[in-house]
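Fold the stuff below for me.
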Amino acid sequence: MVAVTREFTEITVVGDDATGLIAEVTSLLFERGINIEDLDQAVREGVFRMTTMVDTSEMIVTEETLREDLQDLADDLGVDITVRFPEDRETQSIAVLVTKESHCLEAIFEAWASGNIDADVEVVIGNHSDLQPLAEKYDVPFHDIGDEKGTPDEDELLDLLAEYNADLIVLARYMRILSPDVVFRYESRIINVHPSLLPSFPGASAYMQAIEEGVRIAGVTAHYVTTDLDQGPVITQRVFNVPPEATEEELQQIGQPLEAEALLEAIDLHLNDEIYVHRGRTRLRDPEETDAQLGAPEKIDELNPDRPIDGLGEIVSTGGEADD
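Numbering: from 1, shown residues only. Below you'll find the model as predicted:
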């Protein structure tokens, strides 16, 4: 997809898959003098999603009229259509999804309180109520959408995300898989942190997976969420050595501060529009203008050997033969 920048209007269509949806929407846009810059569509589990980046700077209708026309079309087609004009994204809001682990939410609150997050944390939504006291400490609304087993009510989740007009959804160790119905509505606006160096050890109990596989180096990954579990575009990663005979709890103690750090870095890059996704890979818009730590510290590069490299040996490069 074209990078989501603040100069384009974003139109998202989500609903049951049906023939002709793309044609209906694009025809409406064409008739109103709106130029389509990029269009991406997908279907998962019978749910259709189309995300369109358009130039509305020369359209022949007002913003209010376009919203009304698209809502009328959505009603006719039986789908949901959302519109985000460039000015809608100037003041951004964050919705944080949590379960029981507090470290990432605590780091987000601390960064927000100190002015290091350029957005407002508007709401915390949990599938358990364990972290409600932490949200109350920072005077942020908390909503428990889980039943006694922690199974979330995704209809309620979608209502809350719409009510708080979330620009960015942060999964701060939210231990549930989001359905396509949620992910498709917030394409490239959901960030998760996972306790492994993805794509290694996706899914549950990643630290235990690392122990069982006997790895020497483990890590954490902040990434965009897609409908493929733990396979979204990587934003930031951190690494650490796995101590001999380490337990899962010991790896958690090492990894959790790094989870919070990687997640905060990813949030900052997203909010400041410093990254975009191209062909499944995140890229920096201006690499020379950021000091973000996307991966391991640069000092590691200095410690790595730089020889030998194929073709640089004396015999290979000169075509000679080794002495007997």
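
Which helix runs longest in this protein?
Ranked by residue count and defined by DSSP state H, the top helix of the chain is helix 248-271.

buried stuff in that one?
By neighbour count on 16 or more other Cβ atoms under 10 Å, the buried set for helix 248-271 is 251, 254-256, 258-271. In short, each C-beta sits where N, CA and C put it, glycine included.

For that helix, output the C-alpha coordinates as CSV.
The C-alpha coordinates for helix 248-271 follow below in CSV (Å, rounded to 0.1, in the frame of the first residue of the first chain):
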residue,chain,number,x,y,z
GLU,A,248,10.3,-18.9,31.9
GLU,A,249,9.9,-16.5,34.9
GLU,A,250,13.6,-15.5,34.6
LEU,A,251,13.2,-14.7,30.9
GLN,A,252,10.1,-12.7,31.6
GLN,A,253,12.0,-10.6,34.1
ILE,A,254,14.7,-9.9,31.5
GLY,A,255,12.3,-9.4,28.6
GLN,A,256,9.5,-7.4,30.1
PRO,A,257,11.4,-4.1,30.4
LEU,A,258,12.5,-4.6,26.8
GLU,A,259,8.9,-5.3,25.7
ALA,A,260,7.9,-1.9,27.2
GLU,A,261,10.9,-0.2,25.5
ALA,A,262,10.3,-1.6,22.1
LEU,A,263,6.5,-0.9,22.3
LEU,A,264,7.1,2.7,23.3
GLU,A,265,9.6,3.2,20.5
ALA,A,266,7.0,1.7,18.0
ILE,A,267,4.2,4.0,19.3
ASP,A,268,6.4,7.0,19.0
LEU,A,269,7.5,6.2,15.4
HIS,A,270,3.9,5.6,14.4
LEU,A,271,2.5,8.8,16.0
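
helices or strands next to that helix in the packing?
Applying 3 or more Cβ pairs under 8 Å, 6 or more residues apart in numbering; DSSP states H and E, one finds that helix 248-271 makes contact with helix 103-113, strand 168-171, strand 190-194, helix 206-213, strand 217-224, strand 234-241.

Dump these into JSON lines; add mean pLDDT as well.
Formatted as JSON lines, those follow (pLDDT from 0 to 100):
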{"stretch": "helix 103-113", "mean pLDDT": "98"}
{"stretch": "strand 168-171", "mean pLDDT": "98"}
{"stretch": "strand 190-194", "mean pLDDT": "98"}
{"stretch": "helix 206-213", "mean pLDDT": "97"}
{"stretch": "strand 217-224", "mean pLDDT": "97"}
{"stretch": "strand 234-241", "mean pLDDT": "97"}
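
May I see those organised as JSON lines, with distance to Gln293 added?
Shown next, in JSON lines, are the helices and strands packed on helix 248-271 (distance: least, Cβ to Cβ, whole Å):
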{"stretch": "helix 103-113", "distance to Gln293": "15"}
{"stretch": "strand 168-171", "distance to Gln293": "19"}
{"stretch": "strand 190-194", "distance to Gln293": "15"}
{"stretch": "helix 206-213", "distance to Gln293": "21"}
{"stretch": "strand 217-224", "distance to Gln293": "11"}
{"stretch": "strand 234-241", "distance to Gln293": "7"}
